[in-house]
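Student: Can you look at this prediction? I've put the sequence above it.
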Amino acid sequence: MNIQNLMVTGGCGFIGSNFIRYLLGRADFTGRIINVDTLTYAGNPDNLKGIENDYPDRYLFERADICDLGRMEEIFSRHGIDAVCHFAAESHVDRSIKDPGAFIYTNIVGTFNLLEAARAHAEGFVLFHHISTDEVYGSLGPEGLFTETTPYSPNSPYSAAKASSDHLVRAYGATYGLPITVSNCSNNYGNYQFPEKLIPLIVLNAKEGEKLPVYGDGRNVRDWLYVEDHCDAIWTIMRSGRRGETYNIGGNMEMENITIVEMICDILDEIEGLSTGAPRRDLITFVKDRPGHDRRYAIDFTKLREELGWMPSESFESGIRKTISWYLENSEWVRRVKNNEYHSWISKQYGE
Ligand code: NAD
Ligand code: DAU
C-alpha cells in the first residue's frame, strides 16, 4: 500500500492527534498527512503542538468542516488525496442525549460528504478507513462478547449516528467498489483526552478535591484500551486489512466504572498524598444515571489477532499510571482546555 496524501479527519481531537504523531513516527509511512478539523470544543491545536515544525514537508492543517461538501472536494483536489482515515465526529454520549442535532450532521452527513468526495476522486484512491465504536452493537448482559457479526443495536443518538455512518461506508464499498475498511473499537484512554470523558474527568476532579460523579450504581462495564494501542491497530488494518471488511478492536480489559474511579483515587493518594487529610475515595458521589446507559461492552478481537497478528501491548495498570502522570505534568494544557470551553454542565445536568 503506497499512500502519498492521507487525509486524517478530526486530527486535533484525542485519538486523531495521537494517531498523527504515531504515524509520522513510523518508518513504513512516508506520505503526507493533511489534517482536516473544524476545531469544535473537542478539537485542540495544542494536541499537535510542534508537529508543523517537526514535519514541515509532511504535515498540513486545513481548518474545515466535513459537513461542507464543496470544501471537502476542494481539499481532495488541491492535495491529491488518495486515502482517508476518518476520525472526525461528535464523540460524547452525554452531549448526544442533550443535543443530538450536531451528531446527525457531523457523524452521518459529514461521513457521506467524505465518501462522495472519495467517489469523485476514485482514480488511484487507495483506502477509506472509517473509525467507529463498539457502541453500535448496543449493550451486553453479564456474558458474551461483541463480534463483527453481532447485529447493530445502538441505544444513544451518538451510537445511532455512528451506526448509520458505518453502514454508509460499507455500502460505498459494496456499491461503488470504493476500497474501504471499518474498525469498531472499545473505550480509549490516554494523553490528550478531553476532560468530559470518565477517566480524565475523574483524574482532574480528584486532583482538585472536587466531587467524583459516578452514574447509577457504578457497575457498568467498559473494555478499556490505551490510545496508542488503538493507533497501532488502525495502522495494522489500514496496511493489511482485507478491503470491504470490519475489524473489532478491544483491550481485553473489562472493568466496572467504580473500580476505575477507586483505582484513580488510590493512585493519586499515593503520588500526591492526602492533600485534604482524607482519602480521595470520599469524594465519590453516585449521581442520577445516564438515560439509556448501556450496561456492558466487551470486544472479541479474534479476527484482528488471527488475520493480522495485532495484540494490545499496554496493561491497564501501567497505562492508567502513565495517563494520570501526563495529566499532572501538563497543567498548562489542562488550564487552557478548561478555560476555552470545558465546563461541568454534564454532571450538573444529571444532578447528584
Ligand atoms: P474527540 O471528540 O476527542 O475529537 C473529535 C475531533 O473531530 C475534534 O478534533 C473535532 O474538532 C473534530 N470534528 C468534530 N466535528 C467536525 C466536523 N464537522 N468537521 C471536522 N472536524 C470535526 O473524539 P475522539 O475521542 O478522539 O474520537 C475520534 C473517533 O473515534 C470518533 O469517530 C469516535 O466515534 C471514535 N471512537 C472513539 C472512542 C473513544 O473512546 N474516545 C472509542 C471508539 C471509537
Ligand atoms: O465504547 C467506545 C465509546 O467510549 C466511544 O465510542 C465514545 O466516543 C467514548 O466517549 C466512550 O463512550 P462512553 O460513554 O463509554 O465513555 P464515557 O467516558 O462518557 O463514560 C464511560 C463510563 O463512565 C460510562 O459507563 C458512563 C460512566 N460515567 C461517565 C462520566 C463522564 C460516569 O459514571 N460518570 C461520568 O462523569
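Tutor: Looks like it came in fine. Ligands and ions are numbered 1, 2, ... in the order given.
Student: Please make it C-alpha for all contacts and neighbour counts, starting now.
Tutor: Fine.
Student: you'd agree A160 is in a helix?
Tutor: Yes. Judged by DSSP: H, G, I helix; E, B strand; the rest coil, A160 forms part of a helix.
Student: Please name the nearest non-neighbouring residue to it.
Tutor: P154 (5.0 Å; CA to CA, 6 or more residues apart in numbering).
Student: Then F146?
Tutor: Here the residue nearest F146, using CA to CA, 6+ apart, is I299, at 4.9 Å.
Student: For S153, give me its contacts.
Tutor: 136-139 (CA atoms under 8 Å, 6 or more residues apart in numbering).
Student: Dihedrals phi and psi, it?
Tutor: The phi/psi pair for S153 (degrees, to the nearest 10) reads phi -150, psi 60.
Student: circling back to that earlier point, among the contacts of S153, which are within reach of ligand 2?
Tutor: Checked against ligand 2 using CA under 6 Å from any ligand atom, those give no members in range.
Student: which two in those residues are spaced the farthest apart?
Tutor: V136 and S139 (9.0 Å; CA to CA).
Student: Quick one: mean pLDDT for stretch 253-265?
Tutor: For stretch 253-265, the mean per-residue pLDDT is 98.
Student: got a list of contacts for it?
Tutor: Stretch 253-265 has contacts (CA under 8 Å, 6+ apart) with 199, 202-203, 206, 212, 214, 218-225, 279-281, 284, 297-298, 316, 320, 324.
Student: just the buried members of these?
Tutor: 199, 202-203, 206, 212, 214, 218, 220-225, 279-281, 284, 297-298, 316, 320, 324 (16 or more other CA atoms under 10 Å).
Student: Let's see which of those end up in strands.
Tutor: 212, 214, 221-225, 284 (DSSP state E).
Student: Most widely separated two among the residues you listed?
Tutor: Checking these with CA to CA, the most distant pair is L225 and I284, at 23.6 Å.
Student: ok, which stretches of the stretch 1-150 of the chain are strands?
Tutor: Along the stretch 1-150 of the chain, counting by DSSP state E, counting those that start in this stretch, strands occupy 5-9, 32-37, 59-63, 83-86, 127-133.
Student: Reformat those strands as CSV; add mean neighbour count and distance to A102.
Tutor: As requested, the strands of the stretch 1-150 of the chain are exported to CSV (neighbours: other CA atoms under 10 Å; distance: least, CA to CA, whole Å):
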stretch, mean neighbour count, distance to A102
strand 5-9, 24, 16
strand 32-37, 24, 15
strand 59-63, 16, 18
strand 83-86, 24, 17
strand 127-133, 23, 17
